[in-house]
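Visitor: Sequence plus the predicted model coming up.
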Amino acid sequence: MATSQPGASKQNGDRFWASGKLLYRPNAGGLVTAVAPVVVVAVHVEPAIFDAYYNGCCNGTFWPLFHSMPDRTIFSADNWKAYQAVNLEFAEKTVNALRRLIETEEENAGTPLVWLHDYHLMLAANTIRNSADDLGLKCKLGFFLHIPFPPWDIFRLFPWADEVLQGMLGCDMVGFHIEDYCLNFVDCCQRRLGCRVDRKGLLVEHGGRTVRVRPLPIGIPYERFVELAKAAPPVITNKDQKTVLGVDRLDYTKGLVHRLKSFEVLLEKHPEHREKVVLMQIAVPSRTDVKEYQDLKEEMDQLVGRINGRFTTPNWSPIKYIYGCVSQDELAAFYREAAVALVTPLRDGMNLVAKEFVACQINTPPGVLIVSPFAGAGEMMHEALICNPYEINEAAEVIHRALTMPEDERTLRMNSLRKREKVHDVDYWMRSFLKGMGTLISEDGDDVLPTTMQPVTLEDFDEYLSKYIGNTDKLALMLDYDGTLAPIAPHPDLAILPPETKHVLERLSNMPEVYISIISGRNVNNVKAMVGIEGLTYAGNHGLEILHPDGSRFVHPMPVEFEDKVSDLLKVLQEQVCKEGAWVENKGALLTFHYRETPLDVRQEMVAQAKLLIEQAGFKPAQAHCAIEAKPPVQWNKGRASIYILRTAFGLDWSERIRIIYAGDDTTDEDAMEALKGMAATFRVTQSQIIRTVAERRLPSTDSVLTMLKWVERHFGKRLPRGNSYGNNLCKKGDVMKMEMSFKTDDISPTS
Ligand SMILES: O=P(O)(O)OC[C@H]1O[C@H](O[C@H]2O[C@H](CO)[C@@H](O)[C@H](O)[C@H]2O)[C@H](O)[C@@H](O)[C@@H]1O
């Protein structure tokens, strides 16, 4: 890759790395002027892992899937493991290189830029970001995908889709060739991860950051191809025959079989082209270890043989088929001398052959470019003839049109195509990427799209909640407390419900359509005191205790011996692990071991020890926010509790006119969201970069939960007669159950 003076742009002193390789350095004047591979770091991968990674996952899974060919896609857990391992290896090598670079470079050299390329490295960014953060290294992370990004319907087939999306979202900016791929990606982030997105601004909110998504169509070193075309000796000697040129890697995505069949139809339907036209197909061997590719070669050999056998005359063979490589000079000469170039992939990220062809079309009158609409190039190169490769007969007609196109039309089309590629060359692409990253400062201010998401607004909920709630009669609003309604604080007593949230909840609790329950890990009296609103349902200890609006209680039965076990565990934890700020919260039936205030360097060991002691005492340790919850081994959690609350409020025969919203921030809330999946609108409050959630939407903060509550208030408020005040008590007295304190591990029957 070469680069030239970037005109009106100046480099802001940042340095760029790509897969551990330093590519560009600013010169003294601050302009990007040279490609300087200063350091190349090898990444060693064992052959078996490499095979599973490269042939297996990259070429056997991502390649066909991202080209929307799911039938050719292999899903293998072992290959995926290898992919994770290799990405980790690349990430670690990059972080080491980054560290060395920062240590050896002078201060103020700018923030290094790590530029990750393609589907082989979709997971590396998160590891680089986290390790760099841990080491206090600053860097910018960018990613560019050179192949298409498929639509949701295809992408969702991949079993580890969350990891891939979150891996890419580890970057500050993710680039694709065209806007369609950007929109597919944004759509997948929303639908699979539940991220808040801005489709117009091409932004995704994830992990507490805004990730920019940008269409950055790649170009070619245009002038280099022009020079090659000028210098290359002639390759086509028979001036009476026109050449239709195809240049491709031998790959099933390239539509080669379809192309040969279209050419056959051309000769059949338009015999005037016989002995006058030759299809020169150059097929560069590729991925020859993979069976799909071996099969394709076989099919091509047979098809070329059959068509040639059918039409060849003593003076002419219709197809010249080169299975192998040609030199750049030869290639430029073929491009220059071809009358028509056929670029008809079934799917292609961009396709540079189309661009190289137009760059080399220096003769007058020029030839004609035919492009598939399923290549990124088809999106931009409007003046080419667009041809759907699947429509074999139609494609034959397009070739015919190209072969018979008048000179003036050819010239007009080719001039426009050439002009665009000359400007949008590979340097332009690189500069656009660097500008998007904020590494190259542009005086012409090219990147007009916003770079950060606006704060969450009521409108953000319109699409999702309006569709779900519609005109329903009743809404069950089920809300977690810490981290959802109240921001996390250094100590539970300090986690105060913000006054505005309290007021909205109070108003909502007076709406007859809205039934509110607060479902917390705290003990029930404590959470009720923290919220301080009468007439709601409160569930404490992850649902083991439920306090109904009329004051009656449900208490989940516990093994009798657990009372003693709780106090024994409390003692053990206090004696053995409560040091340096760690403490145990005694919640009656449960305990929580808190380590928020402990120094970072003692945490790992302390947490491991606490978990062990909790397990040894017969409890289940569950990770919470800087805390380990010790839960008794009963089949009851926030999920079962949520169902129980709904059942007591609405009965079991819910009509479709009842809707549920659940919002929570913790793994314990995942139990509820899992239990309510398909029945509720679910929100996970998180700023994590790498969690899996069953929630349909993510929210970045407790503030955004407040906005969601306001949305509910507005929605139902519109339907309320003004000045009406109702209690929040849908729960009939007879529905409420007081449970016996006896041991029972399985579910509680609806009639108990
Ligand atoms: O289910 P929740 O309502 O989210 O309660 C979960 C736990 O929250 C409390 O601990 C957490 O919040 C504290 C206050 O912000 C914070 O100091 C602590 O580090 C967090 O883990 C509560 O103390 C626990 O009992 C709850 O189980």
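Guide: Structure's in. What do you need?
Visitor: how near is F461 to the ligand?
Guide: 22 Å (CB to the nearest ligand atom, to the nearest Å). Backbone N, C-alpha and C define where each C-beta goes, glycine included.
Visitor: before we move on, what about T457?
Guide: T457 sits 25 Å away from the ligand, going by CB to the nearest ligand atom.
Visitor: Repeat that for T344.
Guide: As judged by CB to the nearest ligand atom, T344 and the ligand stand 56 Å apart.
Visitor: State the distance from that residue to L145.
Guide: Applying CB to CB, to the nearest Å, the value for T344 to L145 is 22 Å.
Visitor: More neighbours: which of the two?
Guide: Between T344 and L145, counted using other CB atoms under 10 Å, T344 has the larger neighbour count: 30 against 24.
Visitor: so that one makes contact with L369?
Guide: No: using CB atoms under 8 Å, T344 makes no contact with L369, being 10.8 Å away.
Visitor: Overlap of the contact sets of the two?
Guide: Here T344 and L369 share no contacting residue, scored by CB atoms under 8 Å, 6 or more residues apart in numbering.
Visitor: List, one by one, the residues from the stretch 501-650 of the chain near the ligand.
Guide: Within reach of the ligand by CB under 6 Å from any ligand atom, the stretch 501-650 of the chain has these residues: 520-522, 585, 587, 592, 594, 596, 624-627, 629.
Visitor: Please identify the one among these that lies nearest to T210.
Guide: Closest approach to T210 among these (CB to CB): H625, at 23.3 Å.
Visitor: pLDDT at the closest one, what is it?
Guide: According to the prediction, H625 has pLDDT 92.
Visitor: give me the number of residues near it?
Guide: Residues lying near H625 (other CB under 10 Å) number 13.
Visitor: Could you give the residue of the chain that lies closest to the ligand?
Guide: G521 (2.3 Å; CB to the nearest ligand atom).
Visitor: now the host helix or strand of D669: how far from the chain's centre is it?
Guide: Here D669 sits within helix 667-675, counting by DSSP states H and E. For helix 667-675, the separation from the chain centroid amounts to 23 Å (computed by CA atoms, centre = their mean, to the nearest Å).
Visitor: For P389, which three-state class applies?
Guide: Classification of P389 by DSSP: H, G, I helix; E, B strand; the rest coil places it in coil.
Visitor: In strands, which of the residues of the stretch 501-650 of the chain next to the ligand fall?
Guide: Those of those mapping onto strands are 585, 592, 594, 624, 627, 629, per DSSP state E.
Visitor: shouldn't the third one be in contact with C626?
Guide: When you say that, I think you mean H594. Yes: if you go by CB under 8 Å, H594 and C626 touch, sitting 6.7 Å apart.
Visitor: Can you pull out the residues in contact with the host helix or strand of G309?
Guide: Using DSSP H and E, G309 maps to helix 291-311. For helix 291-311, the external contacting residues (CB under 8 Å, 6+ apart) are 72, 250-252, 256-257, 260-261, 263-264, 267, 274, 281, 283, 285-288, 317-319, 321, 323.
Visitor: Mind checking which of those are buried?
Guide: For the contacts of helix 291-311, a burial check counting by 16 or more other CB atoms under 10 Å picks out 250-252, 256-257, 260-261, 263-264, 267, 281, 283, 287, 317-319, 321.
Visitor: Tell me which of these fall in strands.
Guide: Counting by DSSP E, these place 281, 283, 319, 321 in strands.
Visitor: will you turn the residues you listed into TSV that also has distance to the ligand?
Guide: Listed next are these as TSV, based on distance: CB to the nearest ligand atom, whole Å:
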residue	distance to the ligand
Q281	63
A283	60
I319	69
Y321	66
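Visitor: any chance of those in JSON lines, with pLDDT too?
Guide: Listed next are those as JSON lines, based on pLDDT from 0 to 100:
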{"residue": "Q281", "pLDDT": "98"}
{"residue": "A283", "pLDDT": "96"}
{"residue": "I319", "pLDDT": "98"}
{"residue": "Y321", "pLDDT": "97"}
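Visitor: quick one: which of those residues is nearest N393?
Guide: The closest of those, once distances to N393 are taken by CB to CB, is I319, at 18.7 Å.
Visitor: so what's that closest one up against?
Guide: Residues near I319 by CB under 8 Å, 6+ apart: 260, 263, 278-279, 281, 304, 307-308.
Visitor: how far out from the middle of the chain is the helix holding G309?
Guide: Chain-centre distance of helix 291-311: 38 Å, with CA atoms, centre = their mean.
Visitor: Then stretch 333-348?
Guide: Here stretch 333-348 is found 33 Å from its chain centre; the criterion is CA atoms, centre = their mean.
Visitor: quick one, what contacts L203?
Guide: The contact partners of L203, by CB under 8 Å, 6+ apart, come to 186, 197, 210-213, 449-453.
Visitor: Check the contacts of I319 against E227 and report the nearest one.
Guide: So of the contacts of I319, ranked by how close each gets to E227 (CB to CB), first place is Q281, at 25.8 Å.
Visitor: The closest residue to the closest one other than its chain neighbours: what secondary structure?
Guide: Residue nearest to Q281 in three dimensions, not counting chain neighbours: G246, with 4.4 Å by CB to CB, 6 or more residues apart in numbering. Following three-state DSSP, G246 is assigned to strand.
Visitor: now do D460
Guide: Of the three states, D460 takes helix under three-state DSSP.
Visitor: Tell me if I'm right that it and T707 touch.
Guide: Yes: the pair D460 / T707 is scored as a contact, 7.3 Å apart, by CB under 8 Å.
Visitor: ok, those two, which is more surrounded?
Guide: Neighbour totals were compared for D460 and T707, and D460 leads with 22 against 18 (other CB under 10 Å).
Visitor: just to revisit the earlier point, ok, of the residues of the stretch 501-650 of the chain next to the ligand, which come out buried?
Guide: Counted by 16+ other CB under 10 Å, these give 520-522, 585, 587, 592, 594, 596, 624, 626-627, 629 as buried.
Visitor: mean confidence for stretch 453-460?
Guide: The model assigns stretch 453-460 a mean pLDDT of 90.
Visitor: which other residues reach it?
Guide: 196, 198, 201, 203, 205, 210, 699-701, 703-704, 707, 710-711, 714.
Visitor: could you dump that stretch to PDB, C-alpha only?
Guide: Output of stretch 453-460 as PDB, limited to C-alpha atoms (Å, rounded to 0.1, in the frame of the first residue of the first chain):
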ATOM      1  CA  MET A 453     -24.900   9.600  21.400                       C
ATOM      2  CA  GLN A 454     -27.300  12.200  22.900                       C
ATOM      3  CA  PRO A 455     -28.400  11.400  26.500                       C
ATOM      4  CA  VAL A 456     -31.400   9.000  26.600                       C
ATOM      5  CA  THR A 457     -34.600  10.800  25.900                       C
ATOM      6  CA  LEU A 458     -38.300   9.800  26.000                       C
ATOM      7  CA  GLU A 459     -38.200   9.300  22.300                       C
ATOM      8  CA  ASP A 460     -35.700   6.500  22.700                       C
END
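Visitor: Could you pull up the residues touching the most centrally placed residue in the chain?
Guide: What sits nearest the mean C-alpha location of the chain, by CA atoms, centre = their mean, is L165, with 2.5 Å. Residues near L165 by CB under 8 Å, 6+ apart: 185, 188-189, 192-193.
Visitor: Any quick ChimeraX command for the buried ones out of the contacts of stretch 453-460?
Guide: To isolate the buried ones among these in ChimeraX, judged by 16+ other CB under 10 Å, type:
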select :196,198,201,203,205,210,699,700,701,703,704,707,710,711
